[in-house]
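> here's my sequence, what's the structure:
(one chain, ligands or ions: 1)
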Amino acid sequence: MIRDIVVYPDKRLKLISKAVSTFDGALHDLLDDMYDTMRSKNGVGLAAIQIGADVRALIINVPLEDKGGDSYAEDHDENDQPKENTLEMINPVIVEKEGCEKFQEGCLSIPGVYEDVERAKQVKVEYVDRQGKKQTIEDDGFLAIAIQHEMDHLDGKVFIEKLSFLKRKKFEKEWAKRLKA
Ligand SMILES: [Zn+2]
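Numbering: from 1, shown residues only. You can find the predicted model right below:
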């Protein structure tokens, strides 16, 4: 089911999401709704709080043609994000990170805004899947960036908080104008 996206500056985006402890049908429904909602907006990643659920769950689905790293593109083909390719990460923890990379990011909660953000180039992340099974993933490409972006949401952070003071000011001004329009 497609759900409404929580849009900046909604206060819910500042919530620290809670750890998941039951891996039941409700969690699976939430993850399925997250996928439907993400796809409906041509997104490549979504954290649960972005549909209003403050639990530590996120999904990422890197479009097949973009594999290997590209910006969040707005015009994906219908079939290049099959559901079985969705990475579902619950209670993720970064256990290793290395390097530094600047990358242009976007966010479904701040639609239409794309800005360069600096993050670790390589991350190793431990998480559990929808069955509660422990998993580990390591990446140094687009996926690494996407994981860090979505994990920030679990801690109540959005990517524009990483901008310089002046860029942030400019963004807030333009965003306020857009919300009024
Ligand atoms: Zn986001």
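
> show me where the protein has its helices.
Assigned by DSSP state H, the helices in the chain fall at 25-40, 142-154, 165-180.

> for residue 94, which of these is the nearest?
For the helices of the chain, proximity to residue 94 was assessed by Cβ to Cβ; helix 142-154 is nearest, at 7.0 Å. The way it works is simple: take the backbone N, C-alpha and C, and place the C-beta from them, glycine included.

> export the closest one to PDB, keeping only CA atoms.
This file holds the C-alpha atoms of helix 142-154, laid out as PDB (Å, rounded to 0.1, in the frame of the first residue of the first chain):
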ATOM      1  CA  PHE A 142      26.400   4.100  -4.300                       C
ATOM      2  CA  LEU A 143      25.000   1.600  -1.900                       C
ATOM      3  CA  ALA A 144      27.400   2.800   0.900                       C
ATOM      4  CA  ILE A 145      26.200   6.300   0.400                       C
ATOM      5  CA  ALA A 146      22.500   5.300   0.300                       C
ATOM      6  CA  ILE A 147      22.900   3.300   3.500                       C
ATOM      7  CA  GLN A 148      24.400   6.200   5.400                       C
ATOM      8  CA  HIS A 149      21.700   8.600   4.100                       C
ATOM      9  CA  GLU A 150      18.900   6.300   5.200                       C
ATOM     10  CA  MET A 151      20.600   5.500   8.600                       C
ATOM     11  CA  ASP A 152      20.700   9.200   9.300                       C
ATOM     12  CA  HIS A 153      16.900   9.200   9.100                       C
ATOM     13  CA  LEU A 154      16.800   6.600  11.900                       C
END
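
> in this structure, which residue is most central in space?
In the chain, the centroid-proximal residue (Cα atoms, centre = their mean) is residue 150; its distance is 3.1 Å.

> just to revisit the earlier point, quick one, which of the helices of the chain is packed in tightest?
Ranked by mean neighbour count under mean count of other Cβ atoms under 10 Å, these are led by helix 142-154, which reaches a mean of 23.

> which helices and strands does that one pack with?
Packed against helix 142-154 by the contact rule (3 or more Cβ pairs under 8 Å, 6 or more residues apart in numbering; DSSP states H and E) you find strand 45-47, strand 57-60, strand 87-98, strand 101-105, strand 115-119, strand 122-128, strand 134-139.

> and the last one, how far from the chain's centre?
So the one you mean is strand 134-139. 17 Å (Cα atoms, centre = their mean, to the nearest Å).

> okay, now the sheet partners of that strand, with direction.
Using DSSP bridges, strand 134-139 pairs in its sheet with strand 122-128 (antiparallel).

> low-confidence stretches in this protein?
For the chain, applying pLDDT under 70 flags the ranges 65-79.

> ok, the residue nearest to the centre of the chain - contacts?
45, 46, 47, 58, 59, 60, 89 (Cβ atoms under 8 Å, 6 or more residues apart in numbering).
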